[in-house]
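Novice: pasting the structure only:
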């Protein structure tokens, strides 16, 4: 028997003893509280067994847990009904008290409030169902914002909740994480319409003049028809239907996504708004027509349609990776290390009038199998994603899982194996399980690769990349940008330096000849949580000594690491890399501004203040793109 199975056996035995002790108290507690508390015990056990990543709740020593409902302990939450004016996020007030207060007391947020009906399938033959299964959404210590709690035993706290298709309840624990005791359970609260359409996310369609709108709701297709009401600003509006997707635990690949992290995802709807006029402002709202003929609508939103491919106009693009999410109320959550994400989100919102399209190049929410976090993420980025196309790439924390065809056989996705990313967001890929696709946006051509699938020469993805780069008309779309999650170019991260590669192993071996042949201007990556810019480079050699204003042919590709949008930062090597022009160990994002066919501005902005800390310009004419450089033109002469 391996150590993993020994752990399960030990915990199962301890849990049996604990539940037998709980049964003795059943008559004192009442059926509903008994079921709730029995669930909590099993839930916390499963947290230990199956969690992947840095989950504070996984540190709970469940074998020491006891029930200690205190007559004088209580936790009350108000208001009981949220979203009466259609709000999708509201702050609630917790009032709580314990006759035996401690600095280790903490409060967990649970949804649904009564989840005894949730059942997890067994993950191996040594563990038998039924296993009650649903993780807490987040938690906070009782003395947070209440420094006198440990002496007075009383506290007041505010937490933010979002509409997530179910009700909520709160449980207060004493004994800290090492010796938890349930001392009080709150009343239930809920949103007025938990099924309401929420968190619209725009994305470019497969055609330049098509915009897609994706949103989440609690309405299945048998209950209501999903639709978008839309039209040009100030003009007539029409209704466009939407398709509906969802998935089950069986759609996922492993724990915790199939076990403690599972939560009903509701229904994800996507509508296609077609034949848009270039650069025109459109208004829209998402909604559902119920079976009784009434309509449920969201608030009004608007977006600007994309420019025609090759059209000369001011075009501004924000690009970053590895943002994740964080809680505005300061509470703790699964994978609690993306503390820069709120600053990045806020800076993008503040500058939204100067952004036309966003690319989030992998490691989207860091849910890692805890499905409630995808709702939290889409709520966080709603002000951005509802106003401009929010395009995503696949990262290791969305896709990777052993035996599922991912290029890397690790467990970084927490059992999601791409299902959540492919369903929650739309991308114009031919096959959304293969997350590579092109985007034409005015004077830009973006080729988005999927580093979690094989990109090497001879593969399906390699053929896509070459076709995407080769098929662009550089007279009309001079700015050719390559995007991917993992670093396929250059990075001074210590993680790569220790391998001697300064990139993913085999990263640029197959691709650098394509970047050079088709004269890719800039390649941008995430994965490494910092910022770095290289010189224009080919085969490890800088092709220019210029640093801030490139004129004429680049003769190489500038490589950018922009993975510092939110997650904990990555350390640089102490080795001096000659090709590295600018490094920054901080959170930030990059922005491209195309003024016309000959002038492009690149900027790196820090998330904490939105100011520019690195920049360069490219100025050139069409003849500069046509000019031959090393390995960029056919090796043939008139003599041959």
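Specialist: Ah, there it is. Values in this document were obtained by computation on a predicted structure and should not be read as measured data.
Novice: hey, let's count contacts and neighbours off CA atoms from now on
Specialist: OK.
Novice: Tell me the spacing between the residue nearest to residue 309 when sequence neighbours are not counted and residue 250.
Specialist: The shortest distance from residue 309 to any residue that is not its chain neighbour, by C-alpha to C-alpha, 6 or more residues apart in numbering, is 4.2 Å, and that residue is residue 442. Counting by C-alpha to C-alpha, to the nearest Å, the gap between residue 442 and residue 250 amounts to 41 Å.
Novice: ok, now residue 501?
Specialist: If you measure residue 501 against residue 250 using C-alpha to C-alpha, the figure is 39 Å.
Novice: between the two, who's got more neighbours?
Specialist: Neighbours per residue (other C-alpha atoms under 10 Å) separate residue 501 from residue 250, with residue 501 holding more: 17 against 10.
Novice: Any idea how far apart the tips of stretch 488-506 sit?
Specialist: Stretch 488-506 end-to-end distance (C-alpha to C-alpha) = 8 Å.
Novice: Name the spans of the stretch 301-450 of the chain whose pLDDT lies under the cut-off.
Specialist: When residues are selected by pLDDT under 70, those of the stretch 301-450 of the chain lie in 334-335.
Novice: redo that, cut-off 90
Specialist: Applying pLDDT under 90 to the stretch 301-450 of the chain flags the ranges 332-339, 370, 409, 432.
Novice: Could you pull out the helices in it for me?
Specialist: Secondary structure of the stretch 301-450 of the chain, counting by DSSP state H, counting those that start in this stretch: helices at 341-350, 372-380, 382-385, 396-399, 419-424.
Novice: Endpoints of stretch 172-191, how far apart?
Specialist: 22 Å.
Novice: Only the buried residues of it, if you could.
Specialist: For stretch 172-191, the buried set under the neighbour-count rule, 16 or more other C-alpha atoms under 10 Å, comprises 172-177, 179-186, 188-191.
Novice: What's the mean pLDDT across it?
Specialist: Mean per-residue pLDDT for stretch 172-191: 84.
Novice: That one: how far from the chain's middle?
Specialist: With C-alpha atoms, centre = their mean, to the nearest Å as the basis, stretch 172-191 stands 29 Å off its chain's centre.
Novice: for stretch 572-582, same thing?
Specialist: Its chain's average C-alpha position is 29 Å from that of stretch 572-582, according to C-alpha atoms, centre = their mean.
Novice: And the contacts of it?
Specialist: In this structure, residues lying in contact with stretch 572-582 by C-alpha atoms under 8 Å, 6 or more residues apart in numbering are 492-494, 497, 531-535, 537, 540-542, 547, 585, 614.
Novice: Buried among the residues you listed? Need that as a selection in ChimeraX.
Specialist: Here is the ChimeraX selection string for the buried members of the contacts of stretch 572-582, based on 16+ other C-alpha under 10 Å:
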select :492,493,494,497,531,532,533,534,535,537,542,614
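Novice: Out of the contacts of stretch 572-582, which comes closest to residue 452?
Specialist: Taking C-alpha to C-alpha as the measure, residue 493 is the one of the contacts of stretch 572-582 closest to residue 452, at 19.5 Å.
Novice: Apart from its neighbours in sequence, what residue is nearest residue 553?
Specialist: On the basis of C-alpha to C-alpha, 6+ apart, the spatially nearest residue to residue 553 that is not a chain neighbour turns out to be residue 624, at 4.8 Å.
Novice: does the one you found really touch residue 550, like I thought?
Specialist: No: in terms of C-alpha atoms under 8 Å, residue 624 does not count as a neighbour of residue 550; the distance is 11.5 Å.
Novice: now do the same end-to-end measure for stretch 395-411.
Specialist: Using C-alpha to C-alpha, the gap from the first to the last residue of stretch 395-411 comes to 12 Å.
Novice: Spit out the contact partners of the closest residue in space to residue 342 that isn't next to it in sequence.
Specialist: In this structure, residue 342 finds its nearest non-sequential neighbour in residue 326, 6.2 Å apart by C-alpha to C-alpha, 6+ apart. The contact partners of residue 326, taken as C-alpha under 8 Å, 6+ apart, are 336, 338-339, 341-342.
Novice: ok, now residue 369?
Specialist: In this structure, residue 369 makes contact with 255-258, 261-262, 413-416, judged by C-alpha under 8 Å, 6+ apart.
Novice: Residue 510 too?
Specialist: If you count contacts by C-alpha under 8 Å, 6+ apart, residue 510 has them with 456-457.
Novice: now swap in residue 469 and tell me
Specialist: Residues in contact with residue 469, defined by C-alpha under 8 Å, 6+ apart, are 447, 480, 514, 518, 520.
Novice: returning to that earlier point: on the three-state scheme, the residue nearest to residue 553 is what?
Specialist: Remark: residue 624 carries the secondary structure label helix [criterion: DSSP: H, G, I helix; E, B strand; the rest coil].
Novice: repeat for the one 10 residues further on
Specialist: Local secondary structure at residue 634 is given as coil here, using three-state DSSP.
Novice: I'd like to know how many residues surround residue 575.
Specialist: Using other C-alpha under 10 Å, residue 575 is surrounded by 10 other residues.
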